[in-house]
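**Student:** Can you look at this prediction? I've put the sequence above it.
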Amino acid sequence: AQTVTQSQPEMSVQEAETVTLSCTYDTSESDYYLFWYKQPPSRQMILVIRQEAYKQQNATENRFSVNFQKAAKSFSLKISDSQLGDAAMYFCAYRSGGGGADGLTFGKGTHLIIQP
Amino acid sequence: KAGVTQTPRYLIKTRGQQVTLSCSPISGHRSVSWYQQTPGQGLQFLFEYFSETQRNKGNFPGRFSGRQFSNSRSEMNVSTLELGDSALYLCASSISQGRRAEAFFGQGTRLTVV
């Protein structure tokens, strides 16, 4: 079974600074997808960014970018120019690309605090 | 376009009772997945439905069941509730069953079992 590990329960960053959230995963599959989700106090999970394992190029969405290291099974999220609205729980998630997948496998999450 | 709607938002039940939660996906979405979120176990996959058929199931006891209707709306049922079933239950819909299809989540149903 796949596992996703987020080693930072909480991170704090000053507004306008850059912060990197870590995520590692364990899988024997070669075809899979990785995601970062944001869960604000409203509890609604919002997709931040997605990475296909077969793509070597790191995904980028405006101020959010990932550092995908397939061999190291690492998938970190970088948030540039942090804003107060970025404060939330961030979850790293894995989904198998093959059949019989068990939905999304999530990490335990990182609570991101933005200091004004 | 309306998002994923989960009802009710909050629920309090007594041990031994059963409960039904509802999820209305985004219009046009045919895949619905359910997740349980607790402080201890985090987010765990319950099951996924596509075209009224359960496609995948997580590691949960048979007390947890679900179904999907022809309009893609889904219900989740938990029978013989236990204290440990207290959790936030999240529903997500996707336009298809494809692995890369983005999952859109609802705001969840907070279930408290007393």
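**Tutor:** Structure's in. What do you need?
**Student:** Quick check: residues of chain B near chain A?
**Tutor:** For chain B, the residues in contact with chain A (CB under 8 Å from any CB of the partner chain) are B:33, B:35, B:42-48, B:56-58, B:88, B:90, B:92, B:99-100, B:102-108. C-beta: built from backbone N, CA, C; applies to glycine.
**Student:** from those, which would you call buried?
**Tutor:** Buried members of the residues of chain B next to chain A, counted by 16 or more other CB atoms under 10 Å in any protein chain shown: B:33, B:35, B:42-48, B:56, B:58, B:88, B:90, B:92, B:99, B:103-108.
**Student:** Restricted to strands, list those residues.
**Tutor:** B:33, B:35, B:42-48, B:56, B:88, B:90, B:92, B:104-105 (DSSP state E).
**Student:** And those, which is closest to A:K108?
**Tutor:** Here the nearest of these to A:K108, counting by CB to CB, is B:G42; it sits at 4.9 Å.
**Student:** ok, A:C92 touching A:F68?
**Tutor:** No: taking contacts as CB atoms under 8 Å, A:C92 lies outside contact range of A:F68: 11.4 Å.
**Student:** more neighbours, those two?
**Tutor:** A:C92 (26 against 20; other CB atoms under 10 Å in any protein chain shown).
**Student:** Pull up the pairing partners for the helix or strand hosting B:R110, direction included.
**Tutor:** Following DSSP states H and E, one finds B:R110 within strand B:109-113. Take DSSP bridges as the rule and strand B:109-113 pairs in its sheet with strand B:10-13 (parallel), strand B:87-94 (antiparallel).
**Student:** Contacts for it next, please.
**Tutor:** Residues outside strand B:109-113 that contact it (CB atoms under 8 Å, 6 or more residues apart in numbering or on different chains): B:6-15, B:19, B:21, B:78, B:81-89.
**Student:** ok, now with 7 Å
**Tutor:** Under the contact criterion CB atoms under 7 Å, 6 or more residues apart in numbering or on different chains, strand B:109-113 has outside partners B:6, B:8-13, B:15, B:19, B:21, B:81-83, B:85-89.
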